[in-house]
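Colleague: output the structure for:
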Amino acid sequence: MSTPKKTHRGEPWRAAEWKQLGKAPDSVLARRFRRTIKEVVAERERRRIRLPTPPRRWTAREIRLLGRFNDAETARRLRRTVEVVRRKRTNLHIPPLRPVPKGKPWTHAEHKLLGTMPDVELARRLGRPHKGVEARRIILGIPKFDAKLHQWTPKEEALLGTMTDGQLAARLGISRLAVAHRRQRLGIPVRFAHRRPWTPEEDALLGTAKDTEIAARLGRHVATVCIRRQKLGIPNFYWQRCCGRQRNLRKKMKATA
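Modeller: Next comes the predicted model:
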């Protein structure tokens, strides 16, 4: 009577065996299949089956990082998932970097009302702040109730870029974002008052008075005037006056000597 074989080393792998690869430690499968651990590891790697990574223990250094950054950044630094980091921080009662604003959670019925009436009226109906209702609607991508789109005329489009977006918005009675969106859509560059070209008459005024006075006279920013004066190598009015006094004093000293 032949005795049963105690090992399956070197035998072909059966489907029932390789289907269990990766679902248990290699040592357990080796004992179960009556194979060596090297044989199990080689077969698993040949079939590109990965072992599930066991949860590693938290160190004191890693715990000290909780709450110092947001959960996504902490997870990236520690090479852990965001859910694991958030769960660990919550279990240790560590507050997040940016606390979640307190307020009652939104319900599905309240979400359905967004955009069906003006935000002010809905905020009064739900007992919520107006800005909170508006922000929630924008986050969910729900258009504003009875939104009226401005119909741009060729004359209005010709004004784009000739003045700042805020000035044109105040002139047309619309928001600055609407003007900026239309200008960017047409590929028109933005226009700033301090970027207008300098004229020879304006350059001649530089250094003749204080930069603040010249900026007010020309309708430009003080920093713009200062940068233009330094670029042309024109000294400051204060130093010009001091240098002039020093020259006068030297002349008087030479005359009296």
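Colleague: for the rest of this, base every contact and every neighbour count on C-alpha atoms.
Modeller: Fine.
Colleague: and the gap between residue 38 and residue 26?
Modeller: 9 Å (Cα to Cα, to the nearest Å).
Colleague: correction: residue 113
Modeller: Taken as Cα to Cα, the span from residue 113 to residue 26 is 56 Å.
Colleague: which of these two has more residues huddled nearby?
Modeller: residue 26 (20 against 13; other Cα atoms under 10 Å).
Colleague: distance of that one relative to residue 14?
Modeller: Residue 26 is 16 Å from residue 14, by Cα to Cα.
Colleague: repeat that for residue 237.
Modeller: 94 Å.
Colleague: of the two, which one has the most company?
Modeller: Shown here are residue 237 and residue 14; by other Cα under 10 Å, residue 237 has more neighbours (15 against 8).
Colleague: which ones are touching the more buried one?
Modeller: 207, 208, 209, 210, 211 (Cα atoms under 8 Å, 6 or more residues apart in numbering).
Colleague: closest one to residue 33 out of these, please.
Modeller: residue 211 (88.9 Å; Cα to Cα).
Colleague: thought the closest one was touching residue 222?
Modeller: Yes: counting by Cα atoms under 8 Å, residue 222 is a contact partner of residue 211 at 6.1 Å.
Colleague: between those two, which is the more surrounded one?
Modeller: Each of residue 211 and residue 222 has its neighbours counted (other Cα under 10 Å); residue 211 has more, 22 against 17.
Colleague: export stretch 160-169 as PDB, just CAs?
Modeller: Once non-C-alpha atoms are left out, stretch 160-169 reads as follows in PDB (Å, rounded to 0.1, in the frame of the first residue of the first chain):
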ATOM      1  CA  LEU A 160     -13.500  96.600 -23.600                       C
ATOM      2  CA  GLY A 161      -9.900  97.200 -22.800                       C
ATOM      3  CA  THR A 162     -10.100 101.000 -23.200                       C
ATOM      4  CA  MET A 163     -10.600 101.400 -19.400                       C
ATOM      5  CA  THR A 164     -10.400  99.200 -16.300                       C
ATOM      6  CA  ASP A 165     -13.000  96.500 -15.800                       C
ATOM      7  CA  GLY A 166     -14.400  98.300 -12.700                       C
ATOM      8  CA  GLN A 167     -14.900 101.600 -14.600                       C
ATOM      9  CA  LEU A 168     -16.700  99.900 -17.500                       C
ATOM     10  CA  ALA A 169     -18.800  97.800 -15.100                       C
END
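Colleague: model confidence over that stretch, on average?
Modeller: Throughout stretch 160-169, pLDDT has a mean value of 83.
Colleague: now do that stretch: distance to the chain's middle.
Modeller: 27 Å (Cα atoms, centre = their mean, to the nearest Å).
Colleague: list the buried ones in that stretch?
Modeller: 160, 161, 164, 165, 168, 169 (16 or more other Cα atoms under 10 Å).
Colleague: pick out the most distant pair among those.
Modeller: Farthest-apart pair in the buried residues of stretch 160-169 is 161 and 169; separation 11.8 Å (Cα to Cα).
Colleague: which pLDDT value belongs to residue 70?
Modeller: pLDDT, read off for residue 70, is 89.
Colleague: repeat for residue 123
Modeller: pLDDT recorded at residue 123 is 90.
Colleague: thought it was touching residue 137?
Modeller: No: at 11.5 Å, residue 123 does not count as touching residue 137 under the criterion of Cα under 8 Å.
Colleague: break the protein into its domains for me.
Modeller: The record's domain parsing of the chain by automatic domain parsing lists 15-46, 60-91, 111-139, 154-191, 195-256.
Colleague: quick one: low-confidence ranges for the stretch 151-257 of the chain?
Modeller: 191-195, 238-257 (pLDDT under 70).
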